[in-house]
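In: test case, fold it:
(2 chains)
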Number of protein chains: 2
Amino acid sequence: MEAIQLPQKKPSNRQELSIIDCDVHNTMATDKVLYPYLSTRWRRHHEMLETPDRVGGYIARGMPYGARHDAWPPSGQRPGSELNFLREQLLDFWDIEYGILNCLTAVPDMPNLEYAAAFAQAVNDWQISEWLEPEPRLRASMIVPVEDADLTVREINRLAEHPGFVQVMVLARTDEPLGRRKYWDMYEAAVRYDLPIGIHFTGVGAGPVTAVGKPSHYIEDHAGMTQAFQTQVTSLVCEGVFEHFPTLKVVLIEGGFGWLPPLMWRLDCAWKKLHDEVPYVKRLPSEYIHGHFWITSQPLEEPPKQEYLQQLLESLNSEEKVMFATDYPHWDFDSPEHAIPKSLGLDLRRRIMAENARAFYRL
Amino acid sequence: MEAIQLPQKKPSNRQELSIIDCDVHNTMATDKVLYPYLSTRWRRHHEMLETPDRVGGYIARGMPYGARHDAWPPSGQRPGSELNFLREQLLDFWDIEYGILNCLTAVPDMPNLEYAAAFAQAVNDWQISEWLEPEPRLRASMIVPVEDADLTVREINRLAEHPGFVQVMVLARTDEPLGRRKYWDMYEAAVRYDLPIGIHFTGVGAGPVTAVGKPSHYIEDHAGMTQAFQTQVTSLVCEGVFEHFPTLKVVLIEGGFGWLPPLMWRLDCAWKKLHDEVPYVKRLPSEYIHGHFWITSQPLEEPPKQEYLQQLLESLNSEEKVMFATDYPHWDFDSPEHAIPKSLGLDLRRRIMAENARAFYRL
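Out: Here you go, the predicted model:
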């Protein structure tokens, strides 16, 4: 390689002090200016990034806003942002009797807790005016600034009597495991109004998203989200939360459920030998889990044999506890027609598709 | 309450400057001086701590060194520290043909990597002289300073030809997920000598031990260790490690295995939709898992129905991949007589109890 010469700088005309600026910022007009410099393979990867222009947006999903490609309204607004289009594409198209809105926002992850509370209140009021009041088929999860108990209780107190809100929603990745005392005031408020806590897929949390650091890919993040759910179930049981709040109900939303029976076996087995450490856990962990947890169906587990699914549902008392969900408008949408296999039988399908949720949310 | 008076200090005789010392350290002679001030319940908890005098020793296990109460040799030395007693209590008593030593040390967690390498080398040489040479029924895992690839490769090169070492051992909680490139030189060295990688329960890692922060109890840590294993399996598959090292074999030791089939279902399902992100993952994740992972049996899963265990073993190709282990001398020891249920049939039991390991480790 020949020696590379940088262009010569123009000689200075300055008579006095020379200047060297040690902090000058250049930037790309758009990330596309880099395309000529990227190989096809990594350009393809780059195009899959959800928010290449944001710090933290390095996870490839291949679909902006995690949405089905057909879920963009004709207006070009974000998927899930227009009631009319949601009515048409989801409620009317599939003839859905009720839909529970789980509006995903950055509220639970906001480090400024006062702002998180203000934002949560705004989201909830917007949901009342623009979703719950115009559309009787919709109910909503209440958004709360979960990392501060006082502000969370204030929001629950403000809205709990509103008939449109059927649960309090938190994200699966919290700053601490949900059994810890910082969250207990939230549970006290929730049980006072008989509102379940819904734990929904995603969240940022305070640390890496796995037990051994940061994975490189979205597929690992996605498949690994069950770890957050496992921690939350374990923590709620082992901290004795259900002894303190015996009427507390928890819904695991979009976390899958194949991992839950093995976790119960393992916790039961450990509790038999270690319960001295947690004397407030008076019964087998699986008894609390069977008593206090409900589960949404999407993404439905897809074991290689149909009998595994059947057995799994049996282990989880699905005739009462499993409730159908589509995850509309996201890419891993479960279709109401195909998701729950016909082989499970009409009675169980009827319960999973509607009756369990009707009883649970009192619809 | 009456006003509390502190004892009066003696008037100063000093003529010049007064002295206030703003950093004076008091300490407890032993932690037992606190017993009169602790309630019975928390004194009981305190007594369960493994190392109450160590920072980080706040986890209650109820048994020093995590050992069975009867595993202390008559000399009073640590459980598992005397070859003669181990012969008597394990190898002879149960008539065990071969035992694989997995010596647990702080090596993988030592931040001083040169010291970690020196310590690993010392442990390995001590194992050769005091365990492998005197006892032909024993084989050992090689200890390596896993967080530095060069030092790890150096130790593998030094010892790989020794017939006593049958695998390279790392702990389940590493600083980064094991699929990441910092560990690839270790895999290259391991496959060069056809040594499997054993991933063993425990480890400290770089972050909290769950995906959502620190749990409060040992029971949560213990039941939650499967999360570290889940991350490692996911990472090794999704980073394409088995495409780069097609002969690499990995053993999951003491991590349980009930969580593995649901993880395979979830990864397969995600891969079908997201494989563009990981083009180096050319086959279904479950195919790599079936091809590259072996599993030790202890702690054997204890589902409520025998048929669940049967199905689980079937999902994991147990006739080739599951290998018996006791975890001697630890508290959750699995007995060779009772651990593997007779109902699994003589042929499968024979394979799990010895033949799978004989073939795998070439014994």
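
In: residues from the stretch 251-363 of chain A in reach of chain B?
Out: Within the stretch 251-363 of chain A, the positions near chain B by Cβ under 8 Å from any Cβ of the partner chain are A:256, A:258-259, A:261-263, A:265-271, A:273-279, A:286, A:299, A:301-304, A:307-308, A:311, A:315, A:331-332. The C-beta positions use only the backbone N, C-alpha and C, and glycine is treated the same way.

In: let's see it at 7 Å
Out: For the stretch 251-363 of chain A, the contact set with chain B under Cβ under 7 Å from any Cβ of the partner chain comprises A:256, A:258-259, A:262, A:265-267, A:269-271, A:273-274, A:276-279, A:299, A:301-303, A:308, A:311, A:331-332.

In: buried subset of those residues?
Out: With burial judged by 16 or more other Cβ atoms under 10 Å in any protein chain shown, the buried subset of these is A:256, A:258-259, A:262, A:265-267, A:269-271, A:274, A:277-278, A:299, A:301, A:303, A:308, A:311, A:331-332.

In: now intersect those with the helices, please.
Out: Secondary structure from DSSP state H places A:P262, A:W265, A:R266, A:L267, A:C269, A:A270, A:W271, A:L274, A:Y308, A:Q311 of these in helices.

In: between these, which sits nearest B:D92?
Out: Proximity of these to B:D92, judged by Cβ to Cβ, is greatest for A:C269, which lies at 28.6 Å.

In: quick one: contacts for the closest one?
Out: B:P299, B:E302 (Cβ atoms under 7 Å, 6 or more residues apart in numbering or on different chains).

In: cool, and A:P262?
Out: A:P262 neighbours (Cβ under 7 Å, 6+ apart): B:G258, B:W259, B:E301.

In: quick one: the helices in chain A?
Out: Taking DSSP H as the test, the helices found in chain A are A:40-48, A:83-86, A:113-127, A:149-159, A:184-192, A:218-238, A:241-244, A:260-274, A:285-292, A:306-315, A:318-321, A:346-350, A:356-361.

In: and those helices, which is most packed in?
Out: helix A:218-238 (a mean of 27; mean count of other Cβ atoms under 10 Å in any protein chain shown).

In: now do it: which elements does it pack against?
Out: helix A:260-274, helix A:285-292, helix B:218-238, helix B:260-274 (3 or more Cβ pairs under 7 Å, 6 or more residues apart in numbering or on different chains; DSSP states H and E).

In: give me the distance between the first one and the centre of its chain.
Out: For helix A:260-274, the distance between its averaged C-alpha position and the chain's averaged C-alpha position is 25 Å (Cα atoms, centre = their mean, to the nearest Å).

In: average pLDDT across that helix?
Out: Averaged across helix A:260-274, the pLDDT comes to 95.

In: now it and helix A:285-292, what's the angle there?
Out: Note on geometry: by axes from the mean of the first three to the mean of the last three Cα atoms, to 10 degrees, helix A:260-274 and helix A:285-292 are set 130 degrees apart in direction.

In: and the stretch 101-250 of chain A, which residues reach chain B?
Out: Residues of the stretch 101-250 of chain A lying close to chain B by Cβ under 7 Å from any Cβ are A:173-177, A:180, A:205-213, A:215-220, A:222-224, A:226-228, A:230-232, A:234-235, A:238-239.

In: contacting residues around the residue nearest to A:T296 when sequence neighbours are not counted?
Out: Of all residues not flanking A:T296 in the chain, A:A325 sits nearest, at 4.0 Å (Cβ to Cβ, 6 or more residues apart in numbering or on different chains). Neighbouring residues of A:A325 by Cβ under 7 Å, 6+ apart: A:I253, A:T296, A:S297, A:Q298, A:D334.
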